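Engineer: With the sequence up front, the predicted model follows.
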Amino acid sequence: MARRPADIVAAAPKPQGRDAVWAAIRRLGEGAAFTPRDIERETDVPGKTVRDYLAGLAAAGYLAAVASKPLMYALARDVGVEAPRVRKDGTEVTQGRGREQMWRTMKVMSTFTARDLAIHASTADSPVSQEDAKSYVGHLNRAGYLALVRQAKGGRPGQAQYRLLRSKNTGPKPPQIQRVKQVWDPNLQQVMWQGEGRDA
């Protein structure tokens, strides 16, 4: 089943997905054990999704299984409000990590080009290409997050210099570039820019 766009998910009556499950775990897991069904009742997340995510969290050491019939978990490692990104087998999900790294890097650099951003946001485990940095910078600039500090020389867009506007430092989660040609800010739960060609 295709994943629903984040802006549609956010309009639902209750939170959805991994963030909702993790928030429910933290609420229920303060000194008490809980079942997958408890989490389902706290969220609108389907049962299989809940069970798979709990299994992944347990495999990664965030949860401890304290009973088997019924299956009950306890919170073993609370890492804060950011939901751990894990697969069912406990391995870390790395998709989207480059955008997270770029978003964090923008906040600490006074000015940057796409090339600067690719270099400084890259890690050994998660390199960021200059093309991805150029695309992300371009989208955030169109969405009003960035101020142009210096025009590119010779018409080379990757060499333009930008800075993140203080008023657009909206939170810890990176703005998302969605397939429907729009920028979605998960911190504000808001579409910040829509590209041409999107259906009204």
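Structural biologist: Yes, it's here.

Engineer: Now do the SS call for residue 180.
Structural biologist: coil (DSSP: H, G, I helix; E, B strand; the rest coil).

Engineer: Low-confidence ranges, this structure, go.
Structural biologist: Regions of the chain meeting the criterion pLDDT under 70 cover residues 1-16, 155-158, 196-200.

Engineer: show me where it has strands.
Structural biologist: Per DSSP state E, the chain has strands spanning 63-68, 71-75, 146-150, 161-164, 176-178, 182-185, 190-194. These are given in chain order.

Engineer: Any idea which of these gets closest to residue 128?
Structural biologist: strand 176-178 (14.0 Å; CB to CB). In this view, the C-beta of every residue, glycine as well, is placed from N, C-alpha and C.

Engineer: Provide the strand pairings for the closest one, with the direction of each partner.
Structural biologist: Taking DSSP bridges as the criterion, strand 176-178 sits next to strand 182-185 (antiparallel) in its sheet.

Engineer: can I see the domain layout of this structure?
Structural biologist: Annotated domains of the chain cover 14-75, 97-194 [automatic domain parsing].

Engineer: possible to save those domains as TSV with mean neighbour count and distance to residue 91?
Structural biologist: Output for these, formatted as TSV (neighbours: other CB atoms under 10 Å; distance: least, CB to CB, whole Å):
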stretch	mean neighbour count	distance to residue 91
domain 14-75	17	8
domain 97-194	16	13
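
Engineer: a markdown table for those domains, including distance to residue 87?
Structural biologist: Shown next, in a markdown table, are the domains of the chain (distance: least, CB to CB, whole Å):
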| stretch | distance to residue 87 |
| --- | --- |
| domain 14-75 | 6 |
| domain 97-194 | 14 |
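
Engineer: hmm, what's the outermost residue in this protein?
Structural biologist: Among residues of the chain, the one most distant from the C-alpha centroid is residue 154; the distance is 35.0 Å, by CA atoms, centre = their mean.

Engineer: now it: how far from residue 113?
Structural biologist: Separation of residue 154 from residue 113 (CB to CB, to the nearest Å): 13 Å.

Engineer: Likewise for residue 191?
Structural biologist: 27 Å.

Engineer: returning to that earlier point: quick one, which of the strands of the chain gets closest to residue 28.
Structural biologist: strand 71-75 (8.3 Å).

Engineer: how distant is that closest one from the center of its chain?
Structural biologist: 25 Å (CA atoms, centre = their mean, to the nearest Å).

Engineer: What of stretch 149-164?
Structural biologist: That offset, for stretch 149-164, works out to 27 Å (CA atoms, centre = their mean).
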